[in-house]
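K.L.:
quick one, fold the following:
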Amino acid sequence: MAEKPDLYRVMYLSRATRPMTEGELSDLLAGARLRNEARGISGMLLYDAGHFAQVLEGPTEQVAALMARIEEDPRHDDVVVLSAGPIQERFFEGWGMDWAHLDKMDDSHHYALRRHMRSHHVSDRETVYRALVLFYEEHADKRRVASRAAAMAR
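P.N.:
Numbering: from 1, shown residues only. Reported below is the predicted structural model:
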């Protein structure tokens, strides 16, 4: 029987040190995708009005090293880890690094998530964590359905 891979997931919030343009966000994501793919890291980055929320998952050593670099990255501060620990499977298997720009979403469904990200108030980490998990699961489900539909159309 094949051994299960050593997987780890981190979910965190941070605040941009200054607002980022679409071009800067695109460049950030393009670089992250290349580096993360080479390291076996997948996940999703959310951006909203100068605030980030991100899930990273992959080999424990690789995720830990990436988090150390993120905590030192001058583009953001106030890094708050909401959840970190070993996992059995990924939310974002085969995704590389997906992202969503919540500023661009006109959806009251995501209002609570946006409010939590913008306040950066984490006295109730469980509420923020649940809002993020719901968003990520919903996004993952939509992407899986789209992937299956595309495969069936071939």
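K.L.:
the nearest residue in space to Asp6 that is not next to it in sequence and Tyr136, how far apart?
P.N.:
Counting by Cβ to Cβ, 6 or more residues apart in numbering, Thr60 is the residue found nearest to Asp6 once chain neighbours are left out, at 5.1 Å. The way it works is simple: take the backbone N, C-alpha and C, and place the C-beta from them, glycine included. Thr60 sits 20 Å away from Tyr136 when distances are taken as Cβ to Cβ, to the nearest Å.
K.L.:
neighbour count: these two, which is higher?
P.N.:
Neighbour totals were compared for Thr60 and Tyr136, and Tyr136 leads with 20 against 15 (other Cβ atoms under 10 Å).
K.L.:
what helix or strand is the more buried one located in?
P.N.:
helix 125-153 (DSSP states H and E).
K.L.:
okay, now the unreliable bits of the chain?
P.N.:
Along the chain, the parts satisfying pLDDT under 70 run over 1-4, 100-130, 139-154.
K.L.:
switch to 80 and redo it
P.N.:
By pLDDT under 80, the weakly predicted segments of the chain are 1-5, 91-154.
K.L.:
quick one: Met44 and Phe92 touch, right?
P.N.:
Yes: using Cβ atoms under 8 Å, Met44 is in contact with Phe92, at 6.0 Å.
K.L.:
who has more neighbours out of these two?
P.N.:
Met44 (24 against 21).
K.L.:
one step back: from Ile70, how far off is the residue nearest to Asp6?
P.N.:
Counting by Cβ to Cβ - Thr60 and Ile70 are separated by 16 Å.
K.L.:
one more: Glu24?
P.N.:
16 Å.
K.L.:
which parts of the protein are strands?
P.N.:
7-16, 42-48, 51-59, 76-87, 97-101 (DSSP state E).
K.L.:
mind listing what the fourth one pairs with, with the direction of each?
P.N.:
The pairing partners recorded for strand 76-87 under DSSP bridges are strand 7-16 (antiparallel).
K.L.:
let's see the strand it pairs with as CSV, backbone CA atoms only.
P.N.:
C-alpha atoms of strand 7-16 as CSV (Å, rounded to 0.1, in the frame of the first residue of the first chain):
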residue,chain,number,x,y,z
LEU,A,7,0.4,17.2,3.8
TYR,A,8,0.0,20.4,5.8
ARG,A,9,-2.5,23.3,5.4
VAL,A,10,-2.2,26.9,6.7
MET,A,11,-4.9,29.5,6.5
TYR,A,12,-4.0,33.1,7.3
LEU,A,13,-5.1,36.7,7.0
SER,A,14,-2.8,39.7,6.4
ARG,A,15,-3.0,43.3,5.5
ALA,A,16,-1.2,44.9,2.5
